[in-house]
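> okay, predicted coordinates and the sequence, questions at the end:
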Amino acid sequence: MLLFLAVLVLAGTSQAQDRKYALYGVAFYNLENLFDTIPNNPRGRDLEYTPSGEKQWSGERYWKKISNLAYVISQMSTERLPMGPAVIGVSEIENRSVLADLVNDPSIRDRGYKIVHHDSPDPRGVDVGLLYNPKQFKFRNVTNHTLKVERNPNLRTRDQMCVTGLLGGEPVAVIVNHWPSRLGGQEQSSYLREAAAALSKHIADSVWSVNPATAVIIMGDLNDDPMDKSCAKVLGASPKPEGVGPHGFYNPWWRKLEKEGIGTLAYKGSWNLFDQIIISGNMLGGDAASGLEYAGCRVLNFDFLRGDEGNRQGYPLRTYAAGVWLNGYSDHYPTMILLKREIKEGKR
């Protein structure tokens, strides 16, 4: 990771040796069923994550899960990012209290992460959320958007959360997602994720109608790969930065999966890259209106996150497999992008 950052910093200063840049990390992590141990879902959809439930989800297991996830976040820090990512989007969380427990874990407590959370209509009671470091990101506002699909009027899924603020003093909007699953088959359910992509695009357009210079980041567990219709066609996220307009989208993860074979989750020997962070074209340098500039991306597939036994060897080390508690982390790897901002005289 240090080499990864060093290369980026050198790349950012190669054009003019007297330029200096501030570096910011923006991450996403599916926390895989981060439930507390209290049965509080009106329809009992969380009963398996209780001490007497199917998962035997005890206080001890819950706190080990919190500690494990906090450790992952602590490892996102480097010499150039000593306090880790400025912003971390998360999914598969039951409520605000589990995030409060997470940010108060001793391994990351000193970072002072603040929480943005909203209860979604998802039947299982899982939501998306955002953690941010107030020393780097100044929160301004949050809006939550419910996905409605005409051909599936009974759909209840995670809302899309749009958080606006200043990252390094520059206006930014982060849209956190957990799009509908592939339940019933990828092709049969694609229309749901296409609708979700259309909603994300609509939210971005609404942001730009207020301030066209805002940098827009669409992140989340999209349950689709970069080349699938929802991302490539509906959202229009290009695999190449060339030719992307200020209010278009660039998807740096396309190459990671297609060219490098790197994913964030695996199933029966095949990798997918559902956990994406897609950026607007005004962060691609040149005549970009945003003061933030894209500097690179990485799937954070740390060695300690990989399973080393059985038929899931090399896969993300999850919390349970075949009903057996593994004391793992998540069935997804986290992802992170780096953004740089030129430090000009009189501006920090």
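Done, it's in.
> mind listing the strands for the stretch 101-250 of the chain?
Listed in chain order, the strands of the stretch 101-250 of the chain (DSSP state E, counting those that start in this stretch) span 114-117, 127-132, 137-145, 160-167, 170-178, 215-221, 237-238, 249-250.
> tell me what the top strand by length along the chain is packed against?
In terms of residue count, the longest strand belonging to the chain (DSSP state E) is strand 21-34. For strand 21-34, the packing partners by 3 or more Cβ pairs under 8 Å, 6 or more residues apart in numbering; DSSP states H and E come out as helix 2-13, helix 59-74, strand 87-93, helix 96-103, strand 170-178, strand 215-221, strand 275-280, strand 335-342. Every residue, glycine included, has its C-beta placed from N, CA and C.
> what angle separates that strand from helix 59-74?
Counting by axes from the mean of the first three to the mean of the last three Cα atoms, to 10 degrees, strand 21-34 lies at 160 degrees to helix 59-74.
> before we move on, back to that, and the strands of the stretch 101-250 of the chain: which comes nearest residue 307?
strand 215-221 (19.5 Å; Cβ to Cβ).
> tell me the pLDDT of the closest residue to residue 334 other than its chain neighbours.
With sequence-adjacent residues excluded and distances taken as Cβ to Cβ, 6 or more residues apart in numbering, residue 334 is closest to residue 29, at 3.9 Å. pLDDT for residue 29: 98.
> hey, what's residue 29 bridged with?
residue 90 (DSSP bridges).
> against residue 343, how distant is residue 18?
To residue 343, residue 18 is 11 Å away according to Cβ to Cβ, to the nearest Å.
> ok, those two, which is more surrounded?
residue 343 (13 against 5; other Cβ atoms under 10 Å).
> so what's that one up against?
20-22 (Cβ atoms under 8 Å, 6 or more residues apart in numbering).
> likewise residue 323?
Residues in contact with residue 323 (Cβ under 8 Å, 6+ apart) are 54-55.
> mind checking how far it is from residue 55?
Distance check for residue 323 against residue 55: by Cβ to Cβ, it reads 8 Å.
> check for me that residue 297 belongs to a strand.
Yes. With DSSP: H, G, I helix; E, B strand; the rest coil as the criterion, residue 297 is assigned to a strand.
> ok, it touching residue 337?
Yes. Between residue 297 and residue 337 there is a contact under Cβ atoms under 8 Å: 4.6 Å.
> the more surrounded of those two?
Higher neighbour count among residue 297 and residue 337: residue 337, with 24 against 20, using other Cβ under 10 Å.
> which residues does the more buried one bridge with?
residue 26, residue 297.
> that one contacts residue 252, doesn't it?
Yes. Using Cβ under 8 Å, residue 337 is in contact with residue 252, at 7.0 Å.
> find residues that contact each of the two.
With Cβ under 8 Å, 6+ apart, residue 337 and residue 252 have common neighbours 277, 279, 294, 296-297.
> go ahead and confirm residue 179 touches residue 218.
No. In this structure, residue 179 is not within contact of residue 218 by Cβ under 8 Å, at 10.6 Å.
> who touches both of those two?
What both residue 179 and residue 218 touch, as defined by Cβ under 8 Å, 6+ apart, is an empty set.
> what about the shared contacts of residue 337 and residue 252, which one has the most neighbours?
Going by other Cβ under 10 Å, residue 279 tops the shared contacts of residue 337 and residue 252 with 27 neighbours.
> point out where this protein drops to low pLDDT.
Residue ranges of the chain with pLDDT under 70: 1-17, 42, 287-288, 345-348.
> how long is stretch 71-78 from one end to the other?
End-to-end distance of stretch 71-78: 14 Å, with Cα to Cα, to the nearest Å as the criterion.
> what sits up against it?
1-2, 5, 25, 27, 29, 83-85, 88, 102, 107-108, 300, 302, 305, 329-330, 334, 336.
> could you redo the last one with a cut-off of 7 Å?
With Cβ atoms under 7 Å, 6 or more residues apart in numbering as the contact definition, stretch 71-78 has outside contacts at 1-2, 5, 25, 27, 83-85, 88, 107-108, 300, 302, 305, 329, 334, 336.
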